[in-house]
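**Q** next comes the sequence, and after it the predicted model I'd like to discuss.
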Amino acid sequence: MFRFTRRSAFSTTCAAALIAAVTASAASAQDTVLRMWFNGTPEAHGTVLEQLIPEFEAANPGITVEYEITAWSSYQQQIATAAAGGTLPDIIFGFSNLVAGFAERGLLADHSEYFDPDDFVPATVDLTTWNGTWSMLPTWFSANGLSWRSDLIEAGGNDASEAPVDWDVWLAWAEGATVRDDAGNITQLGFYSSSFPFNRSNLFTRMVEGNGGAMFSDDGMTATMNAPEAVEAATFFQQLVQCCDVPRSIEADNVGLGQGLTAMVYNNFAFRNWQNEFPDVLEFAGLGLVPHGPSGSPELSGAGLGANVIGITSTSQNPEAAAALLQFLIVEPDNIVQLAGLGGSIPGAVLPEDHPYLAGNPLAQQYLQLALDGGSADPMHPNFSEYESIINVWLDELLLNGMDPQEAMDSAAAEIQAEIIDRSGIGFN
């Protein structure tokens, strides 16, 4: 069915021994209080944790778990403040592109001491490793790929039975599916570049890669987003948005696919929300990689891969108990499925081949295969959030203000080179 969806007997045996040792150590603790910050929403993930945490505490007498559902909008500052004040909890969360920053600052334990990497999808272990150390655990992951409404593409005069293979076809699809009113205003977007800046930077990175280019040199010490292949990608991205998109015009929760407001999108919301909220149009969904550019080839096309992550802090006084809790919440298939399924994402932990979450979810199956076959992550760097902020400033100039593509990419490369690479002296992993 899929690669990595069945644990080997060796892996299962070793994992069982590890789990038993960790759990036994944690269970012997007396009056241990674990503090955990968890990513999610109080209404959804909080409800599941209200059920699971008491089950864990009952199985591990002497351990009490105090947890907080922290908002995405404030968690980076919350973690930074706690780290500076020496008040980090035992367990913190984040996103995979921030693992390097947490690890470089010495905030994280070495998770290979407590967990078996064979219990996780290999790509997610790569996402959570920095400088050879497995620094956090993936809770769930998703792949950003090109999704479309086949009915809307075909109504625009194009065959949507197969994914667009190159930029010419992609643009033709977008142009055909774009609908305007009598005043020339777009009422149906042929392509939507997303409400979130990180989706735009992620898509641009995939475009550059699909055109045979790279955002950085192999050692990460030179910014190359102004090389010819990247400028070609910027030029196409600008053309795609100018013809067929109204950036930030649609609520991020559903990107307008279910209501027919947009025909194509590159992110994971088509999977995460659309399948539950708009089942009557689900049959029109298609999944594919980013089409390749004129300097690239189909083999270079790729999907953007990212994960929500959680990990034990280096300052935790109870790392074994924390590992037991994460083993229970994140590794046990039925528990992580309850948490991951709330957002429609894919557990980072390996699921049995016949687990109903995959068996009954064809979109999850396709996204899993997409990630395994063609997923690539954003560059890992301790200052990733700063890099992302800079590239998005110049993408806004490119897409919203019509800046010349070469000038925009020259500006982005110069600022990232000076403000991140040269200042830190650290390359991308």
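**A** Nice, thanks for sending it over. Residues are numbered from 1 along each chain as shown.

**Q** what about Ile391, neighbour count?
**A** Neighbour count of Ile391, defined by other CB atoms under 10 Å: 26. (Each C-beta comes from the backbone N, C-alpha and C, glycine too.)

**Q** scratch that, Val231 is what I was asking about
**A** Using other CB under 10 Å: Val231 sits among 21 other residues.

**Q** that one contacts Ala412, correct?
**A** No. Here Val231 lies out of contact with Ala412, judged by CB atoms under 8 Å, at a distance of 10.7 Å.

**Q** where does Val48 land on pLDDT?
**A** With respect to pLDDT, Val48 scores 93.

**Q** least confident secondary structure element in the chain?
**A** Here the helix or strand of the chain ranked lowest by mean pLDDT, DSSP states H and E is helix 9-27, holding a mean of 49.

**Q** following that one, which helix or strand comes up?
**A** strand 32-39 (DSSP states H and E).

**Q** wait, what's in contact with the residue lying closest to Phe191 once chain neighbours are set aside?
**A** Spatially, and ignoring its direct neighbours in sequence, Phe191 is nearest to Ala174 (4.2 Å; CB to CB, 6 or more residues apart in numbering). Shown in contact with Ala174 (CB atoms under 8 Å, 6 or more residues apart in numbering): Gly190, Phe191, Leu240, Cys243, Cys244, Asp245, Ala263, Met264.

**Q** who wins for neighbours among those?
**A** Highest count within the contacts of Ala174 by other CB under 10 Å belongs to Ala263, 32 neighbours.

**Q** the closest residue to Pro333 other than its chain neighbours: what's it in contact with?
**A** Closest residue to Pro333 apart from its sequence neighbours, by CB to CB, 6+ apart: Leu351 at 5.2 Å. Contact analysis of Leu351 by CB under 8 Å, 6+ apart lists Thr5, Pro333, Val337, Tyr357, Leu358.

**Q** please name the nearest non-neighbouring residue to the fourth one.
**A** Spelled out, it's Tyr357. Closest to Tyr357 by CB to CB, 6+ apart is Val337, at 4.6 Å.

**Q** I'd guessed the one you found sits against Gly348; true?
**A** No. Using CB under 8 Å, Val337 is not in contact with Gly348, being 11.5 Å away.

**Q** quick one: which of the two has more around it?
**A** Neighbours of Val337 and Gly348, each counted by other CB under 10 Å, are more numerous for Gly348; the result is 27 against 19.

**Q** the closest residue to that one other than its chain neighbours bridge partners, please.
**A** Excluding the flanking residues, the one nearest Gly348 by CB to CB, 6+ apart is Pro138, at 2.8 Å. Using DSSP bridges, the bridge partners assigned to Pro138 are Val309.

**Q** doesn't Gly311 make contact with Pro138?
**A** No. When contacts are counted by CB under 8 Å, Pro138 is not listed as touching Gly311 (9.9 Å).

**Q** residue ranges of the strands in the protein, please?
**A** 32-39, 63-70, 91-95, 129-130, 133-134, 137-149, 179-180, 186-188, 264-267, 285-288, 303-312, 346-347, 375-376 (DSSP state E).

**Q** of the ones you listed, which stretch is the most buried?
**A** Comparing these by mean neighbour count (mean count of other CB atoms under 10 Å), strand 346-347 comes out on top with a mean of 29.

**Q** if we can go back for a sec, indicate which one of the strands of the chain is closest to Glu162.
**A** strand 285-288 (8.3 Å; CB to CB).

**Q** for Gly157, grab the count of nearby residues.
**A** Neighbours around Gly157, by other CB under 10 Å: 11.

**Q** who's in contact with it?
**A** So Gly157 contacts Gly176 (CB under 8 Å, 6+ apart).

**Q** now do it against Asn185, distance only.
**A** According to CB to CB, to the nearest Å, Gly157 stands 21 Å off from Asn185.

**Q** same thing with Ala418?
**A** Ala418 sits 41 Å away from Asn185, going by CB to CB.

**Q** which of the two has more residues huddled nearby?
**A** Per other CB under 10 Å, whichever of Ala418 and Asn185 has more neighbours is Ala418, with 12 against 9.

**Q** what about the chain, any weak spots by pLDDT?
**A** Residue ranges of the chain with pLDDT under 70: 1-30, 252-254, 269-279, 281-287, 342-344, 374, 428-429.

**Q** give the residue farthest from the middle of it.
**A** In the chain, the residue that sits farthest from the middle, by CA atoms, centre = their mean, is Asp182; the gap is 39.1 Å.

**Q** mind listing what that one touches?
**A** Asp182 makes contact with no residue under the criterion CB under 8 Å, 6+ apart.

**Q** may I have the phi/psi pair for it?
**A** In terms of degrees, to the nearest 10, the main-chain angles of Asp182 are phi -60, psi -30.

**Q** since that was my last question, I'll sign off now.
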